[in-house]
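Participant: when you get a sec, could you give me coordinates for this:
(one chain, ligands or ions: 1)
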Amino acid sequence: MKLLPRVDPKRIQQRLEELGRYGRNEQGGIDRTTFTKAELAARYWLRHELVALHLDVRIDEAANIWARRKGRDESLPVIAFGSHLDSVPNGGMYDGALGVVLALEVMTVLQERGIQTVHPLELVSFSAEEPNPFGLSTFGSRAVSGKLKKKDILSVTDSSGRRLMDALKEAGGDPQRFEDAVRKHDDFSAFLEVHIEQGKRLLEYEIPVGVVTGIAGIYREEVRISGEANHAGTTAMHDRRDALLTAAECILAFEHVIKNYLDQDVAGTVGQFAVKPNATNIIPGEVIFSVDLRSQNRKVIDEILLVWEIRMKEILRSRSAVVHRRVILDQFPVGMCKELIEICEETSGILGYPSLLLGSMAGHDAAHMATLTRTCMIFVPSIDGKSHCPEEKSRIEDIEKTGNVLLNSILAIDERGGGV
Ligand SMILES: [Zn+2]
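Facilitator: Residues are numbered from 1 along each chain as shown. Okay, here's the model as predicted:
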């Protein structure tokens with residue numbers, strides 16, 4: 001059996017720590033929201049590392065960082081891999097960063113060992129994956145896959161009035177030629193992204209490598225319940241149109257419908273809630289709340305919404321309230337490529353690591369890359385399932401294993417070819 005190349009866990013750990021210094025706050029969390037000083041410094045760090053490896057580094061119009069390593073046959077499509085450098089406010093040092101550091105490690109090992117692939121390889125660090133002050137998440141991968149247009153970014157500012165166009169320029173992008181960031185379907189042979197699981201499944205099964213079968217569809221709406229604001233003392237209990245109580249019942253019904261649905265891969269959340277006029281002595285006249293519903297299966301989302309709507313109608317009728325619903329996001333579930341899933345599973349097996357097939361309930365850049373090319377993700381167990389917080393952590397032993405699976409899966413894809 002031929003000896004498979006391996007990643008270096010010490011170097012990975014060291015780079016994770018180096019990168020984890022950018023945006024580190026007093027609580028030990030990471031404040032590295034996109035296009036902030038800290039995030040620009042992290043970008044600079046990555047570029048420096050890539051240049052030191054003698055890779056061909058390029059910043060595209062959407063400020064995504066690409067680093068190309070030549071293949072034996074430069075006419076072949078690229079095998080790409082990477083993730084993102086930005087974080088949520090007070091986030092952790094692994095979300096996104098781990099995928100970039102492991103991609104960097106793959107390039108380092110290949111350079112050190114002089115391993116020549118047939119296909120050209122490209123590392124990518126996507127801009128602005130996380131929700132950010134400009135309100136555009138998965139910004140970079142949407143630009144690359146042609147889903148975000150110049151007109152969508154022209155007049156965007158954050159709450160302080162900073163223009164996205166200016167922020168993008170500062171990060172090395174080119175807002176005037178934004179749509180040139182689009183890559184063609186036949187540019188790529190495959191895309192792989194390593195990411196922390198952000199859940200507890202791998203940990204509970206004690207399995208170090210997760211191979212992702214699909215990325216959940218995300219459905220979001222804004223629900224506005226209108227009742228009638230009135231005096232808290234003089235309005236009789238039977239004569240009220242209380243928007244808050246109506247909303248409370250509707251939200252509990254939402255949870256009830258989901259919990260009764262026999263599908264583990266479904267999750268619903270009401271995370272935003274506003275009461276008007278929000279005064280102690282006034283019956284609430286209006287409530288606005290958000291709904292976030294996710295599943296690997298689009299039909300499940302539709303069925304849940306249908307049942308909830310029926311329940312909601314009864315509640316509204318009994319409380320004489322009115323509802324206005326507005327769909328904010330309707331992102332369909334995205335399946336990962338079967339061929340790549342098999343390659344990642346097989347590679348894991350050859351390396352002697354158990355792996356688990358699982359769906360991702362979080363959105364990722366890979367969901368957009370999947371519309372361009374064969375795509376798969378590999379998950380690393382998250383300790384206590386924690387993410388988007390300072391406690392976010394993964395064990396270096398698991399990271400090392402996943403790094404080896406990434407490296408050798410890329411080599412296996414290179415050997416087998418295909419994809420366009
Ligand atoms: Zn992420």
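Participant: and the helices in the protein?
Facilitator: For the chain, applying DSSP state H gives helices covering 9-19, 37-52, 97-113, 139-144, 150-153, 164-170, 201-205, 243-259, 298-319, 338-350, 365-369, 396-416.
Participant: quick one: closest of those to N90.
Facilitator: Proximity to N90, assessed across these by Cβ to Cβ, is greatest for helix 37-52 (12.3 Å). To be clear about C-beta, it is placed using only N, CA and C from the backbone, and glycine gets the same treatment.
Participant: next, the buried residues of that closest one.
Facilitator: 38-43, 45-47, 49-50 (16 or more other Cβ atoms under 10 Å).
Participant: between it and helix 97-113, how many degrees?
Facilitator: If you take axes from the mean of the first three to the mean of the last three Cα atoms, to 10 degrees, helix 37-52 sits at 20 degrees to helix 97-113.
Participant: using CSV, lay out the helices of the chain together with distance to E61 and mean pLDDT.
Facilitator: As requested, the helices of the chain are arranged in CSV below (distance: least, Cβ to Cβ, whole Å; pLDDT from 0 to 100):
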stretch, distance to E61, mean pLDDT
helix 9-19, 24, 98
helix 37-52, 15, 98
helix 97-113, 20, 98
helix 139-144, 7, 97
helix 150-153, 9, 94
helix 164-170, 8, 97
helix 201-205, 37, 95
helix 243-259, 41, 97
helix 298-319, 32, 97
helix 338-350, 28, 98
helix 365-369, 16, 97
helix 396-416, 26, 98
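Participant: JSON lines for the ones you listed, including distance to the ion?
Facilitator: Formatted as JSON lines, the helices of the chain follow (distance: least, Cβ to the ion, whole Å):
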{"stretch": "helix 9-19", "distance to the ion": "14"}
{"stretch": "helix 37-52", "distance to the ion": "14"}
{"stretch": "helix 97-113", "distance to the ion": "7"}
{"stretch": "helix 139-144", "distance to the ion": "11"}
{"stretch": "helix 150-153", "distance to the ion": "21"}
{"stretch": "helix 164-170", "distance to the ion": "20"}
{"stretch": "helix 201-205", "distance to the ion": "16"}
{"stretch": "helix 243-259", "distance to the ion": "24"}
{"stretch": "helix 298-319", "distance to the ion": "22"}
{"stretch": "helix 338-350", "distance to the ion": "18"}
{"stretch": "helix 365-369", "distance to the ion": "8"}
{"stretch": "helix 396-416", "distance to the ion": "15"}
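Participant: I288: which of the ones you listed is closest?
Facilitator: I288 lies closest to helix 243-259 among those, at 8.6 Å (Cβ to Cβ).
Participant: in that closest one, which residues are buried?
Facilitator: 243-251, 253-254, 257-258.
Participant: what do you get for stretch 68-82?
Facilitator: Applying 16+ other Cβ under 10 Å to stretch 68-82 flags 68-69, 71, 76-82 as buried.
Participant: repeat for stretch 334-346
Facilitator: 334, 336-337, 340-341, 343-346.
Participant: run the chain-centre distance for that stretch.
Facilitator: 19 Å (Cα atoms, centre = their mean, to the nearest Å).
Participant: ok, residues contacting it?
Facilitator: 190, 192, 209, 211-215, 217, 355, 357, 366-367, 370-371, 374-378, 405, 409, 412-413, 416, 418 (Cβ atoms under 8 Å, 6 or more residues apart in numbering).
Participant: and what of stretch 300-314?
Facilitator: 217, 219, 250, 253-254, 256-258, 261, 263, 265-266, 268, 293-295, 323.
Participant: circling back to that earlier point, could you dump the helices of the chain into CSV with distance to P133 added?
Facilitator: Below are the helices of the chain laid out as CSV (distance: least, Cβ to Cβ, whole Å):
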stretch, distance to P133
helix 9-19, 22
helix 37-52, 12
helix 97-113, 20
helix 139-144, 12
helix 150-153, 13
helix 164-170, 9
helix 201-205, 32
helix 243-259, 28
helix 298-319, 28
helix 338-350, 34
helix 365-369, 19
helix 396-416, 30
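Participant: please name whichever of these is nearest to A279.
Facilitator: Using Cβ to Cβ, those put helix 243-259 closest to A279, at 11.6 Å.
Participant: the closest one vs helix 298-319, what angle?
Facilitator: Using the same axes, to 10 degrees: helix 243-259 against helix 298-319 is 150 degrees.
Participant: return the alpha-carbon coordinates of helix 243-259 using CSV.
Facilitator: The C-alpha trace of helix 243-259 is given here as CSV (Å, rounded to 0.1, in the frame of the first residue of the first chain):
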residue,chain,number,x,y,z
ALA,A,243,-51.5,41.0,19.7
LEU,A,244,-48.9,39.7,22.1
LEU,A,245,-51.0,36.8,23.4
THR,A,246,-52.0,35.9,19.9
ALA,A,247,-48.3,35.9,18.8
ALA,A,248,-47.4,33.8,21.9
GLU,A,249,-50.0,31.2,20.9
CYS,A,250,-48.9,31.2,17.3
ILE,A,251,-45.2,30.7,18.3
LEU,A,252,-46.1,27.8,20.6
ALA,A,253,-48.1,26.3,17.8
PHE,A,254,-45.1,26.6,15.5
GLU,A,255,-42.9,24.7,18.0
HIS,A,256,-45.7,22.1,18.5
VAL,A,257,-46.0,21.4,14.8
ILE,A,258,-42.3,21.0,14.3
LYS,A,259,-41.9,18.8,17.4
